[in-house]
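Colleague: build me a model from this:
(one chain, ligands or ions: 1)
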Amino acid sequence: MKDSTFCHTIAERINTGVLVLDIEYNIVEFNRFMQVHAHKKQEDVVGKSVFEVFPELPRRWFERKLASVIQLNSPSFCSWEQRHHLFELPHTRPITTDSKYMAQNCTFMPIVGEQGISHVCILIEDATDVAHYQGKLNHVLDELARANRIDGLTQVFNRKHWEECLDKEFSRARRYGHNVALIMFDLDHFKKLNDTYGHQGGDKVLVDTAARIKSLLRLCDQFGRYGGEEFAIILPETDLNGALDVAERIRSSIASTVINFQGSAIKVSTSVGVSVIDSSHQRYEDLISSADYALYQAKKLGRNRVANSHDFATDAALC
Ligand SMILES: Nc1nc2c(ncn2[C@@H]2O[C@H](COP(=O)(O)OP(=O)(O)OP(=O)(O)O)[C@@H](O)[C@H]2O)c(=O)[nH]1
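Modeller: Just a heads-up that it's a prediction; the model follows:
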């Protein structure tokens with residue numbers, strides 16, 4: 001068998017597209033894979049410009065790619081991750097993918113003739129399965145990353161992630177001398193509420209309360225569930241007066257809202273502790289302790305109220 005016949009037989013049988021162009025972009029070779037997937041016959045495309053046969057090709061990009069392959073006399077690769085596909089070849093997989101076209105890995109190879117590079121061979125590999133499963137994997141990884149950050153019940157940050165946010169915000173504020181305020185609030189007599197309406201009733205109160213408070217906050221505020229029925233909010237670039245305003249808004253919103261659960265109208269209140277970064281806070285945990293201490297004072301003073309740690313600074317230092 002002659003070399004060219006040998007090569008032609010291989011090109012016809014491999015499960016990869018083979019497209020050979022001359023340096024004027026005219027099609028010279030169009031193997032069976034291409035004929036089947038592009039639904040075009042060899043005799044209808046050979047001799048025609050590749051841009052006429054595949055008008056969807058990104059012409060400028062394609063011309064530059066071929067120019068560099070020819071100039072450098074070196075192969076070049078374009079993966080489906082860079083460009084999902086070059087040629088609009090419908091895929092034949094009985095699976096749902098984001099695109100109706102075959103994902104492609106394309107290799108561009110210079111072919112050297114007697115007078116230098118005369119042609120460029122493009123190998124087109126079907127990467128639809130890989131792209132599909134990579135997409136699924138990315139989706140699962142995103143979900144996992146989200147589950148790692150979000151509290152499953154209330155859909156606000158979980159404690160671990162919220163503390164990581166506070167750690168960063170606290171370091172930034174200390175370094176640049178900026179403000180950062182902390183609000184911690186805890187629903188009052190929640191045990192009694194659970195006893196009266198059951199755990200499901202308690203859960204509904206937590207979910208509704210978290211959603212309502214979230215809607216009161218700015219996008220840059222970081223809202224987390226600190227534990228049980230206790231929540232915490234980081235307010236970047238916020239001074240004491242600003243934080244007290246937000247705290248009062250939270251308190252009054254919770255106190256004035258009725259939560260409907262299985263025909264019952266549940267009313268709940270909250271005690272709120274506020275603290276703003278100052279020189280006594282060496283670590284972010286110190287800021288949490290201050291806000292928590294203020295929250296404890298709000299409970300002690302009768303609940304359904306806001307207290308700030310700066311009013312109890314001396315007491316706190318004694319604790
Ligand atoms: N429904 C429900 N209850 C929870 C959840 N996490 C914690 N709790 C309950 O919240 C209650 C908290 O009770 P306590 O710590 O005694 O506080 P409290 O009754 O709210 O009293 P004060 O905070 O002093 O006003 C406990 O009964 C916990 O079981 C949860 O995810 N769902």
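
Colleague: report the contact partners of the closest residue to H37 other than its chain neighbours.
Modeller: Leaving aside its chain neighbours, H37 sits nearest to L89 (4.2 Å; criterion: Cβ to Cβ, 6 or more residues apart in numbering). C-beta here means a position set from N, CA and C on the backbone, and glycine is covered the same way. Residues in contact with L89 (Cβ atoms under 8 Å, 6 or more residues apart in numbering) are 17, 37-38, 101-102, 104, 124.

Colleague: determine which two of those are furthest apart.
Modeller: Farthest-apart pair in these is G17 and Y101; separation 12.9 Å (Cβ to Cβ).

Colleague: of these two, who's got more company?
Modeller: G17 (25 against 17; other Cβ atoms under 10 Å).

Colleague: doesn't C121 make contact with the more buried one?
Modeller: No: counting by Cβ atoms under 8 Å, G17 does not reach C121; the two are 10.5 Å apart.

Colleague: quick one: name the residues of the stretch 151-300 of the chain near the ligand.
Modeller: Residues of the stretch 151-300 of the chain lying near the ligand by Cβ under 6 Å from any ligand atom: 153, 186-191, 194, 199, 202-203, 206, 228-229, 299.

Colleague: just the buried residues of the residues you listed.
Modeller: 186-188, 190, 194, 202, 206, 229, 299 (16 or more other Cβ atoms under 10 Å).

Colleague: which ones among those residues lie within strands?
Modeller: Among those, DSSP state E puts 186-187 in strands.

Colleague: how close does the residue nearest the centre of the chain sit to V156?
Modeller: Nearest to the mean C-alpha position of the chain, by Cα atoms, centre = their mean, lies D142 at 6.1 Å. Applying Cβ to Cβ, to the nearest Å, the value for D142 to V156 is 18 Å.

Colleague: count the neighbours of the closest residue to the ligand within the stretch 1-150 of the chain for me.
Modeller: Nearest residue of the stretch 1-150 of the chain to the ligand: I150, at 14.3 Å (Cβ to the nearest ligand atom). Neighbour count of I150, defined by other Cβ under 10 Å: 16.

Colleague: can you pull out the strands in the stretch 201-319 of the chain?
Modeller: In the stretch 201-319 of the chain, the segments counted as strands under DSSP state E, counting those that start in this stretch are 222-227, 230-236, 258-261, 264-267, 270-276, 306-308.

Colleague: neighbouring strands - and their directions - for the fourth one?
Modeller: Based on DSSP bridges, the strands next to strand 264-267 in the sheet, each with its direction, are strand 258-261 (antiparallel).

Colleague: ok, and what's touching the partner strand?
Modeller: So strand 258-261 is contacted by 197, 200-201, 204-205, 208-209, 265-268 (Cβ under 8 Å, 6+ apart).

Colleague: go with 10 Å
Modeller: Contact partners of strand 258-261, identified using Cβ atoms under 10 Å, 6 or more residues apart in numbering, comprise 193, 197-198, 200-209, 212, 264-268.

Colleague: returning to that earlier point: which residues are in contact with both of G17 and C121?
Modeller: With Cβ under 10 Å, 6+ apart as the test, G17 and C121 both reach A11.

Colleague: torsion angles phi and psi at W80?
Modeller: Note on W80: backbone dihedrals following degrees, to the nearest 10 are phi -60, psi -20.

Colleague: nearest spatial neighbour of it, chain-adjacent residues omitted?
Modeller: That would be A103: by Cβ to Cβ, 6+ apart, it lies 3.9 Å from W80.

Colleague: how much space between that neighbour and E81?
Modeller: 9 Å.

Colleague: the two: which is more packed in?
Modeller: A103 (26 against 12).

Colleague: hey, C-alpha coordinates of stretch 289-304 in CSV?
Modeller: Output in CSV follows, covering the C-alpha atoms of stretch 289-304 (Å, rounded to 0.1, in the frame of the first residue of the first chain):
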residue,chain,number,x,y,z
SER,A,289,-16.9,38.7,73.5
SER,A,290,-17.9,42.4,73.7
ALA,A,291,-21.0,42.0,71.6
ASP,A,292,-21.9,38.8,73.4
TYR,A,293,-21.5,40.6,76.8
ALA,A,294,-23.8,43.4,75.6
LEU,A,295,-26.3,40.8,74.5
TYR,A,296,-26.1,39.2,77.9
GLN,A,297,-26.8,42.6,79.4
ALA,A,298,-29.8,43.1,77.1
LYS,A,299,-31.2,39.8,78.4
LYS,A,300,-30.5,40.8,82.0
LEU,A,301,-32.2,44.2,81.6
GLY,A,302,-35.5,42.5,80.6
ARG,A,303,-35.0,41.3,76.9
ASN,A,304,-36.5,42.8,73.7
